[in-house]
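Colleague: here's my sequence, what's the structure:
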Amino acid sequence: MAKNYFNRYVWLIDTINRHGHITRAELSDLWENSPLNETGEELYERTFHNHRQAIEDTFGIEIKCDRSLGYYIANSEDLEGDGIRQWLLESLSMSNILKESADMRDKILFEKIPSSRRWLPIIVNAMRDGKAIELTYQSFSRNEPTTFIVHPYCLKLFKQRWYMLGKSEDYDTPRIYALDERMKNAEQTKKKLKVPAKFNAEEFFSGYFGIIVGDNCKPTTVELKVDEDQVKYFESLPLHHTQTPVETTDEYTIYQYHLVPTFDFRQEVLRHGPSVEVLTPEWFRDEVAEDVREMMKRYE
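Modeller: Reported below is the predicted structural model:
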């Protein structure tokens, strides 16, 4: 049932957003004819308002009513500027679109996100309900899975995998858990969710690229020299929100970043091959250079 409700929330957001303004009666008619509505039930007024509240609690999306025009997304500008929520909704919306357009599945290709359909609704619903999760998890470095209580702080999508930042009662600081084959089981408990009052997911990850974080790491200035043929790619999809061009010529552009250059960021730099060169800091340049030397040895 929770999974069906979750799909309804995404359907409601998409439908209202596409129409701009829409009445509840129009929403009910569309819902009755939607392939997602397997039972053909009506979207009752009380149910609709319960969904509105759940959507605000889960996604932070406010659905309000203009008496002359109907319901609309009140904070659509905030939504457009929130990368995490955009990724979340786009991924879930695509799932709904595929369900509604079964005859088009062979014409819509997308990258697989391991186990997201199985674990994502459970974790999101637990956060919405303010409950902790009993998690059975086996990291790639362990031979056996372990079961423990974890308090989910937030979710993040990175390179085709969903990750949960959560605080296990066995550790002093929150940790990252992947929603893939490492997650063996997840169940919502009756235990109250404990999240620091001032915790902000976007701020928590703002100084990092990817999902690897460190307690004692501080952001530093990183400069990358990008060849001219790759500049448009960097401009259309910046590596990090702090990306700033500081020097441009006909042959290259130097971009400056303010972040913690973790393993994830180093891998991203290496992914671009000889088109990208690390200029500063020197220690990070040396790390990347060492990786390049090790790769060269394998091809000698």
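Colleague: return the top strand by length along the chain as PDB; C-alpha atoms alone will do.
Modeller: Assignment by DSSP state E gives strand 146-158 as the longest strand of the chain. What follows is strand 146-158, C-alpha atoms only, in PDB (Å, rounded to 0.1, in the frame of the first residue of the first chain):
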ATOM      1  CA  THR A 146      24.800  -7.400  10.000                       C
ATOM      2  CA  THR A 147      21.500  -6.100  11.300                       C
ATOM      3  CA  PHE A 148      21.100  -2.800  13.200                       C
ATOM      4  CA  ILE A 149      18.900   0.200  13.800                       C
ATOM      5  CA  VAL A 150      19.700   3.200  11.600                       C
ATOM      6  CA  HIS A 151      18.100   6.700  11.600                       C
ATOM      7  CA  PRO A 152      17.900   7.900   7.900                       C
ATOM      8  CA  TYR A 153      18.900  11.500   7.400                       C
ATOM      9  CA  CYS A 154      18.600  11.800   3.600                       C
ATOM     10  CA  LEU A 155      18.900  10.100   0.200                       C
ATOM     11  CA  LYS A 156      21.300  11.000  -2.600                       C
ATOM     12  CA  LEU A 157      21.600   9.700  -6.200                       C
ATOM     13  CA  PHE A 158      25.100   9.400  -7.500                       C
END
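Colleague: buried residues in it?
Modeller: For strand 146-158, the buried set under the neighbour-count rule, 16 or more other C-beta atoms under 10 Å, comprises 150, 151, 152, 153, 154, 155, 156, 157, 158. Quick note: C-beta positions are derived from backbone N, CA and C, even for glycine.
Colleague: partners of that strand in the sheet?
Modeller: Here strand 146-158 is paired, per DSSP bridges, with strand 131-137 (antiparallel), strand 161-168 (antiparallel).
Colleague: tell me which of those sits most buried.
Modeller: strand 161-168 (a mean of 22; mean count of other C-beta atoms under 10 Å).
Colleague: just how off-centre is whatever helix or strand comes next after that one within its chain?
Modeller: Counting by DSSP states H and E, the next helix or strand C-terminal to strand 161-168 is strand 175-178. Relative to its parent chain, strand 175-178 has a centroid offset of 13 Å by C-alpha atoms, centre = their mean, to the nearest Å.
Colleague: in strand 175-178, what counts as buried?
Modeller: 175, 177, 178.
Colleague: now that strand: mean pLDDT?
Modeller: In this model, strand 175-178 carries a mean pLDDT of 93.
Colleague: can you name the next helix or strand after that strand?
Modeller: strand 183-192.
Colleague: for that next one, list the C-alpha coordinates in PDB.
Modeller: This file holds the C-alpha atoms of strand 183-192, laid out as PDB (Å, rounded to 0.1, in the frame of the first residue of the first chain):
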ATOM      1  CA  MET A 183      21.300  -3.800   1.400                       C
ATOM      2  CA  LYS A 184      19.800  -7.200   2.300                       C
ATOM      3  CA  ASN A 185      16.700  -6.000   4.100                       C
ATOM      4  CA  ALA A 186      15.100  -2.800   5.400                       C
ATOM      5  CA  GLU A 187      12.000  -2.400   7.600                       C
ATOM      6  CA  GLN A 188      10.400   0.600   9.200                       C
ATOM      7  CA  THR A 189      10.300   0.300  13.000                       C
ATOM      8  CA  LYS A 190       8.200   1.900  15.600                       C
ATOM      9  CA  LYS A 191      11.200   3.700  17.000                       C
ATOM     10  CA  LYS A 192      11.200   7.500  16.700                       C
END
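Colleague: give me the helices and strands touching that strand, please.
Modeller: Counting contacts by 3 or more C-beta pairs under 8 Å, 6 or more residues apart in numbering; DSSP states H and E, strand 183-192 packs against helix 116-129, strand 131-137, strand 146-158.
Colleague: let's see it at 10 Å
Modeller: Helices and strands touching strand 183-192, by 3 or more C-beta pairs under 10 Å, 6 or more residues apart in numbering; DSSP states H and E, are helix 116-129, strand 131-137, strand 146-158, strand 161-168.
Colleague: show me what that strand is in contact with.
Modeller: For strand 183-192, the external contacting residues (C-beta atoms under 10 Å, 6 or more residues apart in numbering) are 2, 114-115, 118-120, 122-123, 125-127, 129-138, 145-147, 149-152, 162, 164, 169, 177, 179.
Colleague: average pLDDT for it, rounded please.
Modeller: On average, strand 183-192 scores 93.
Colleague: pretty sure residue 270 sits in a strand.
Modeller: No - according to DSSP: H, G, I helix; E, B strand; the rest coil, residue 270 belongs to no strand; its state is helix.
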